[in-house]
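# Turn this into a structure:
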Amino acid sequence: MNILALDLGTSSVRGLVLDADADPLPGALARRKVRVHVTDDGAGTLDSAGYLACLVECLDELAEGGHLRDVELVAVSAQWHSVLPLDAAGAPLGPVLTWLDTRPEPPAGSAGPTDPAAFHRRTGTWWHRCYWSVRLPWLRAHAPAARFAGLVEYALGELLDSAPMSVSMASGTGLLDLGTADWDAEACELAGVRRGELPELAPTDWRGRLRPEHARRWPQLAHARWAAPVGDGAASNVGSGCVDARRVAVTVGTSAAVRLVQRLPVGAELPPLPERLWRYRVDHEHVVTGAAYSSGGNLFAWANRELRLPQGAQLEAALARVPPDGLVLANPRLGGDRPPGLAPAGAGELVGLSFSTSAVDILAGLMSGLCRMVADDLTVLESVVDAPVDVVLGGGAVTASGWWRAAFAAALAPRSVRHRPEPEIGATGAAFVALGRVAEARRFAGPGRTEEVGSPAPPSRSGVPARRVAPGGR
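From the prediction side, this is the model:
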């Protein structure tokens, strides 16, 4: 049996084929880049039709290459928090709001949850612009929507006989009671939405199949079972092997996050949740707790576009001359804050510039600024399990930069920091969730799958002292 794993991310759509042990098959990868439309007013949107076309192109490419033979299961990792308004027939009424969009604001005169602490513990979220409790009223003020869906529910709804929302994706809306795995009455009231205007929730054993017209297009998938999608952050933790209280995943893709997975079946009492952390569901048996950031690999993309950085080996050589904590202090919130923070897009700052400051120094400052933010939240996350943890780094951005891995090791010391270089950790993790084998993913964090990350001593750089005044605030 082979597994088709789809990764519906913010910057790309990817499809790859894995064997029965969730190891990627050589050459069986298709990828299409997508572009988020970002504007100065805080918009961060995707075109749903264009996104669906990219997914179809990936499936076509894999089929034409003969890679879809023997696929019996389709697993999906998808971006959390996205939402688009639909008309009564299910057609989009506007673009997809991604997690990057900071424009939604609470309706005037609304006071929010009656008991914010209880709301946070129940839903794992806050009354915040990132979640549907704030996004849906804001969207309704701009379009007369009949109902709402996430990007993955829309895309799969165009391909499958049904596309209910998984508990993992529903938890990212901020409208789900994590304990009951059902829509939370107060959250829905804040969102001004009725149950029939939300996607149907997928039961534990849900499996979908292609519609007949699509089964004819991809006959190799005609009998394949489609598993309920998994939020990308949860899937990345599983793909990193961080599936118990001893290991935390730090993932840096387009954005970044630090997360811990625990076994907590639906119906079990929810444990305490620190005020500054969120909690979502991996599936009906596990939760993931952590913090996320709007900055990640997009910091490098911005710097590479605007600062005329050296390329390839020249860039790594230049970074090697910068200490792991950087020479420029930077607030890396160029895209604003993820919840619970409220900093708007454009909140980034640089401190300590001089006439000798180089483009590489600015890049390093942004990268090390993110490391410090992760380190602060990791300390809070450790309080959830009341024990120190090991860290596994993953994601394309840290895989591409040895300097960034070393900077994380320095910021997270004295914890053990390892790196999982496999680039498709999200898709791999989604496959393990689909197989019901989350606990077995521990093997990905062991020797042979991860590499020890060293923390080098800061090189000397005479005449250019590092500044120690932190910009901004959280």
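# Can you name every helix or strand that the lengthiest strand in the chain contacts?
Longest strand of the chain, by residue count under DSSP state E: strand 24-33. Contacts defined by 3 or more CB pairs under 8 Å, 6 or more residues apart in numbering; DSSP states H and E place strand 24-33 against strand 12-18, helix 48-64. No exception for glycine: its C-beta is placed from N, CA and C like everyone else's.
# buried sites along that strand?
Neighbour-count burial for strand 24-33, counted by 16 or more other CB atoms under 10 Å, picks out 24, 28-30, 32.
# which one of those sits closest to Cys242?
Taking CB to CB as the measure, Cys242 lies nearest Pro24 of the buried residues of strand 24-33, at 19.2 Å.
# residues contacting that closest one?
Shown in contact with Pro24 (CB atoms under 8 Å, 6 or more residues apart in numbering): 16-18, 422, 424, 428.
# Quick one: which of those residues is the most crowded by neighbours?
The most crowded member of these, judged by other CB atoms under 10 Å, is Thr428 (29 neighbours).
# any idea which element that residue lies in?
Secondary structure assignment for Thr428, by DSSP states H and E: helix 425-435.
# Next, the buried residues of that helix.
425-435.
# Reformat the residues you listed as TSV; add pLDDT and distance to Arg405.
Listed next are the buried residues of helix 425-435 as TSV, based on pLDDT from 0 to 100; distance: CB to CB, whole Å:
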residue	pLDDT	distance to Arg405
Ile425	93	15
Gly426	93	19
Ala427	93	22
Thr428	94	20
Gly429	96	20
Ala430	97	24
Ala431	97	25
Phe432	97	24
Val433	97	26
Ala434	97	30
Leu435	96	30
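# before we move on, back to that, hey, which of the helices and strands packed on strand 24-33 is tucked in deepest?
Stretch with highest mean neighbour count among the helices and strands packed on strand 24-33: strand 12-18 (a mean of 23; mean count of other CB atoms under 10 Å).
# Please name every helix or strand in contact with that strand.
Where contact means 3+ CB pairs under 8 Å, 6+ apart, strand 12-18 is packed against strand 2-8, strand 24-33, helix 48-64, helix 425-435.
# so which of these comes closest to Trp206?
Among the helices and strands packed on strand 12-18, helix 425-435 sits nearest to Trp206 (CB to CB), with 10.9 Å.
# Contacts for that closest one, please.
Applying CB under 8 Å, 6+ apart, the contact partners of helix 425-435 are 3, 5-7, 9, 14, 16, 18, 22, 24, 73-77, 168, 227-230, 232, 234-240, 251, 253, 282-283, 394-395, 422, 438, 440-441, 444.
# mind redoing it with 7 Å?
3, 5, 7, 14, 16, 18, 22, 73, 75-77, 227, 230, 232, 235-240, 282-283, 394, 422, 438, 440-441 (CB atoms under 7 Å, 6 or more residues apart in numbering).
# can you give me the angle that helix makes with strand 24-33?
Between helix 425-435 and strand 24-33, the angle formed by their directions is 120 degrees, by axes from the mean of the first three to the mean of the last three CA atoms, to 10 degrees.
# circling back to that earlier point, okay, the helix holding Thr428 in PDB with CA atoms only?
Coordinates of each C-alpha in helix 425-435 appear next as PDB, following Å, rounded to 0.1, in the frame of the first residue of the first chain:
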ATOM      1  CA  ILE A 425       7.600  16.600   7.700                       C
ATOM      2  CA  GLY A 426       4.100  18.000   7.500                       C
ATOM      3  CA  ALA A 427       3.000  15.500   4.800                       C
ATOM      4  CA  THR A 428       4.700  12.600   6.600                       C
ATOM      5  CA  GLY A 429       3.100  13.600   9.900                       C
ATOM      6  CA  ALA A 430      -0.400  13.800   8.300                       C
ATOM      7  CA  ALA A 431       0.200  10.200   7.000                       C
ATOM      8  CA  PHE A 432       0.900   8.900  10.500                       C
ATOM      9  CA  VAL A 433      -2.200  10.600  11.800                       C
ATOM     10  CA  ALA A 434      -4.300   9.100   9.000                       C
ATOM     11  CA  LEU A 435      -2.900   5.700   9.800                       C
END
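# Return the distance of it from the chain's centre.
Offset of helix 425-435 from its chain centre (CA atoms, centre = their mean, to the nearest Å): 14 Å.
# so what's Pro456 scoring on pLDDT?
You'll see Pro456 listed with a pLDDT of 58.
# my bad, Leu59
98.
# Now do the contacts for it.
So Leu59 contacts 15, 218 (CB under 7 Å, 6+ apart).
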